[in-house]
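Engineer: Structure here, sequence nowhere to be found:
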């Protein structure tokens, strides 16, 4: 079992839909990263959070430390949001990221 | 800021050849990470540096891979000899201990070993 699990693995949505991607982890963490990778592209950091909630434009990330769970929400989804979304955690006091396997999102017009 | 810079962006080489990947971190960042991404394994940490010193290279095959950071603004990842199974995208990332520890990734180097 992976230390960082994401669900769903694949997600297809219609433009305008509200999207939720979930991340659960089994280790103690100091912080959690949400990353975005477009097909054939580089990796962009969307959020880094250790508690509560962060919002940037149409993206919202939440984390519940007690439940070892984080969610990434996309409001009013758009085809340009189509990408792989990766959850990664800093385990304990280390600076090593533990990666989830990613969620492939396709937003259809 | 120019962000993390990697070169080359693409590299095609024959098995047995030496390959050198280069990375320039964001100015002022004291952590530098080398990752490898494949379809099968996803993202894997190969090695990371703090203030130019190797902190963890447990993910790096020691027989053929070597990583160096001769100064705060430059790092190399060398593969010698290269093998087809080394074909992957190699990402470099940097972060600052004085900030949120958020990692900023370079554009990656796509390596193909034939």
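Structural biologist: Yep, it's here. Remember, predicted model here, so these are calculated numbers, not experimental data.
Engineer: contacting residues around the helix or strand hosting residue A:84?
Structural biologist: In the assignment (DSSP states H and E), residue A:84 maps to strand A:83-91. Applying CB atoms under 8 Å, 6 or more residues apart in numbering or on different chains, the contact partners of strand A:83-91 are A:3-4, A:6, A:21, A:23, A:25, A:27-39, A:41, A:43, A:46, A:70, A:72, A:96-100, A:102-105, B:43, B:101. C-beta coordinates here come from the backbone N, C-alpha and C atoms, glycine included.
Engineer: Adjacent strands (with direction) for that strand?
Structural biologist: Strand A:83-91 sits in its sheet next to strand A:29-37 (antiparallel), strand A:97-99 (antiparallel), strand A:103-108 (antiparallel), going by DSSP bridges.
Engineer: Same list (these) but as TSV, adding mean pLDDT and mean neighbour count.
Structural biologist: Below are these laid out as TSV (pLDDT from 0 to 100; neighbours: other CB atoms under 10 Å in any protein chain shown):
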stretch	mean pLDDT	mean neighbour count
strand A:29-37	93	21
strand A:97-99	91	22
strand A:103-108	96	17
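Engineer: so can I have TSV of those showing distance to residue B:53?
Structural biologist: As requested, those are exported to TSV (distance: least, CB to CB, whole Å):
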stretch	distance to residue B:53
strand A:29-37	21
strand A:97-99	19
strand A:103-108	35
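Engineer: Tell me where the model's unsure across the chain.
Structural biologist: All of this is about chain A. Chain A contains residues with pLDDT under 70 at A:1, A:93.
Engineer: Chain B is the one I meant
Structural biologist: In chain B (pLDDT under 70), the answer is B:1, B:99.
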